[in-house]
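*Asks:* This is the structure alone, sequence omitted:
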């Protein structure tokens, strides 16, 4: 079945540091890939997405490139801020899988802590 | 953009009672909605897929008689936790596929505490 593996945290960085959160996946069909962010006590917000190989999703300084050859979708940001502290989830949607509409398969989440 | 409203945001109920959680798509029609459960400091687990006008599809291990899902219209899905017990305490989140069909918009979640 489908699965998403992401680095487990917590990841603690200083403000303005470079961020990478690794994410790899396995899928039977042709997945779309997502990064979601969750702030304490809240639901999930879509951060960025990519729907096909070599697509780059970007938003709020975050970027991730859909790498089919390495089945990866690593999240990066050049200079993090304290306000980026949250839990980040990598996820996939395998729409091409037989059976029609499916929900998302999530990684376990990475807790990011940015210190001033 | 697409907005999904989930209500209530938190609820405390007594053991043995039932609780209903609503999920509404405010500015688009959602033929399919999804219900997730999140345990503390863990990932989201898909519970069921809610289809407008038909029965929900439950994931393996989810009790359909305990977690009743109704998708009566294109903009509303409800999750009812029946005869709730303390082990049902969790964070429940709904989502709907967006207009383009490739993204998912999430509600803000419901914190259920059963005492």
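*Replies:* Sure, I can see it. Worth saying up front: this structure is predicted, and the values here are computed from it rather than measured.

*Asks:* Helix, strand, or coil at residue B:87?
*Replies:* helix (DSSP: H, G, I helix; E, B strand; the rest coil).

*Asks:* Look up how far chain A lies from the nearest residue to it once chain neighbours are set aside.
*Replies:* Excluding its sequence neighbours, the residue lying closest to residue B:87 (CB to CB, 6 or more residues apart in numbering or on different chains) is residue B:114, at 7.9 Å. (C-beta placed from N, C-alpha, C; glycine too.) When distance is defined by CB to the nearest CB, to the nearest Å, residue B:114 is 18 Å away from chain A.

*Asks:* so residue B:114 touches residue B:85, yeah?
*Replies:* Yes - using CB atoms under 8 Å, residue B:114 is in contact with residue B:85, at 6.0 Å.

*Asks:* higher neighbour count, the two?
*Replies:* residue B:114 (20 against 11; other CB atoms under 10 Å in any protein chain shown).

*Asks:* shaky segments in the chain?
*Replies:* You didn't pick a chain, so chain A it is. Applying pLDDT under 70 to chain A flags the ranges A:95-101.

*Asks:* looking at chain B here, not the other one
*Replies:* Those would be B:1, B:98-102, if you go by pLDDT under 70 across chain B.

*Asks:* Now name the helix or strand holding the residue nearest the centre of it.
*Replies:* Centroid-nearest residue in chain B: residue B:35, 3.7 Å away (criterion: CA atoms, centre = their mean). Using DSSP states H and E, residue B:35 maps to strand B:32-38.

*Asks:* And the next helix or strand past that strand?
*Replies:* Sequence-wise, the next helix or strand downstream of strand B:32-38 (DSSP H and E) is strand B:44-51.

*Asks:* Tell me if whichever helix or strand comes after that following strand is near chain A.
*Replies:* Once the chain leaves strand B:44-51, the next helix or strand it forms, by DSSP H and E, is strand B:57-58. No - Strand B:57-58 stays clear of chain A (CB under 8 Å from any CB of the partner chain), getting no nearer than 8.9 Å.

*Asks:* Tell me which helix or strand comes right after strand B:57-58.
*Replies:* Using DSSP H and E, the next helix or strand after strand B:57-58 towards the C-terminus is strand B:67-73.

*Asks:* Quick one: list the elements packing against that following strand.
*Replies:* On a contact count with 3 or more CB pairs under 8 Å, 6 or more residues apart in numbering or on different chains; DSSP states H and E, strand B:67-73 meets strand B:32-38, strand B:44-51, strand B:76-81.
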